[in-house]
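Enquirer: Quick one, fold the following:
(one chain, ligands or ions: 1)
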Amino acid sequence: MKDARTILITGAAGNLGTVVTKKFLSLNYRVIACVHGQNSFDHSENLLIEELNVFDETACSQFIQRTIEIHGSIDCAALLVGGFAAGKIDGMNEAQLLKMIQLNFLSAQHLFIPLMNHMIENKMGRIVLAGAQSVFAPSSGTKMSSYVLSKSLLFKASELINEAGKNSNVTCSVLSPSTIDTPENRASMPEADFSLWNKPSDLAQLIVDFCEDRNHQMVLSL
Ligand SMILES: NC(=O)c1ccc[n+]([C@@H]2O[C@H](COP(=O)([O-])OP(=O)(O)OC[C@H]3O[C@@H](n4cnc5c(N)ncnc54)[C@H](OP(=O)(O)O)[C@@H]3O)[C@@H](O)[C@H]2O)c1
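Expert: This is a model prediction of the structure:
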């Protein structure tokens with residue numbers, strides 16, 4: 001039997017991350033689940049839970065190095081840490097923008113650089129970043145400027161990763177959810193039609209399809 005593929009998932013204890021982690025485990029991947037607090041995972045032979053602060057660049061690159069030494073290779077990555085802040089462009093300030101860039105861009109960048117280099121050396125790799133559909137909505141600047149600016153960086157980064165990896169079978173895509181059906185979103189928008197929202201399980205399937213070469217889109221959306 002072929003060795004199990006390894007996927008690294010950040011934000012693994014989050015709403016989407018939990019479902020993505022369980023999905024890959026159900027497909028017999030070896031999952032390295034990066035968390036930085038509580039998690040609700042049951043013990044599984046294929047699940048390795050790692051505490052990692054993705055804001056710490058040095059810790060991230062040392063972590064990737066160590067993981068490669070222990071496990072040999074990391075085939076896929078879903079870098080899902082991120083978060084939201086509301087705010088119009090006319091009131092945007094540097095502190096808000098830097099906070100969003102740290103949470104939505106640097107949280108991924110600290111990992112995708114060492115991961116990409118490792119995957120290029122290995123001549124195989126799939127990386128999924130967590131963008132947002134609102135980057136493409138013309139009205140988003142009136143409601144969530146620093147958020148969409150920070151998420152927009154991921155789309156350019158993905159292009160750059162694809163360019164760097166084009167001769168090495170290393171590809172990257174940006175998952176672009178609209179509103180995800182999470183308990184927090186239900187509580188903050190109780191009047192909304194939840195049936196229109198993205199289900200974490202459907203988003204998880206998009207990531208699986210990209211990792212398994214059934215979907216080659218550079219933007220993954222439902
Ligand atoms: N929810 C939506 O409607 C929506 C829509 C579009 C895009 N997205 C994007 O999709 C992704 C997943 O969303 P989600 O709703 O599942 O988010 P979530 O539930 O808030 O999960 C994010 C996870 O990242 C972790 N995290 C935060 N800072 C960290 C750090 N410094 N080091 C390590 N981990 C850290 C959080 O841990 P703690 O909870 O312990 O802080 C949490 O487990 C995010 O990138 C989000 O921006 C979400």
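Enquirer: Any residues of the chain in contact with the ligand? List them.
Expert: Selection of the chain residues close to the ligand by CB under 6 Å from any ligand atom yields 11, 13-17, 36-37, 52-55, 80-83, 130, 132, 177, 179-180, 182, 185. From N, CA and C alone the C-beta is placed, and that goes for glycine too.
Enquirer: Sort out for me which of the residues you listed are in helices.
Expert: Among these, DSSP state H puts 15-17, 185 in helices.
Enquirer: so which two of those residues are the farthest from each other?
Expert: Farthest apart among those by CB to CB are G17 and N185. That separation is 15.3 Å.
Enquirer: quick one: which of these two has more around it?
Expert: G17 (24 against 16; other CB atoms under 10 Å).
Enquirer: Please list all residues in contact with the residue lying closest to that one once chain neighbours are set aside.
Expert: Sequence neighbours aside, G11 is the residue nearest to G17 in space, at 4.2 Å (criterion: CB to CB, 6 or more residues apart in numbering). Neighbour list for G11: 17, 34, 79-82, 107, 130 [criterion: CB atoms under 8 Å, 6 or more residues apart in numbering].
Enquirer: Check R186 too.
Expert: 192, 194.
Enquirer: quick one: contacts of the helix or strand harbouring Q62?
Expert: Using DSSP states H and E, Q62 sits within helix 57-71. Helix 57-71 has contacts (CB under 8 Å, 6+ apart) with 6, 8, 30, 32, 34, 50, 52-54, 74, 106, 110-111, 113-115, 118.
Enquirer: how about a cut-off of 6 Å?
Expert: Here helix 57-71 makes contact (CB atoms under 6 Å, 6 or more residues apart in numbering) with 6, 52, 110-111, 114, 118.
Enquirer: How far away from the center of its chain is it?
Expert: Computed by CA atoms, centre = their mean, to the nearest Å, the chain-centroid distance of helix 57-71 equals 18 Å.
Enquirer: So which bits of it are buried?
Expert: 60-61, 63-64, 67-68 (16 or more other CB atoms under 10 Å).
Enquirer: repeat for stretch 42-57
Expert: For stretch 42-57, burial by neighbour count (16+ other CB under 10 Å) applies to 47-49, 52, 54.
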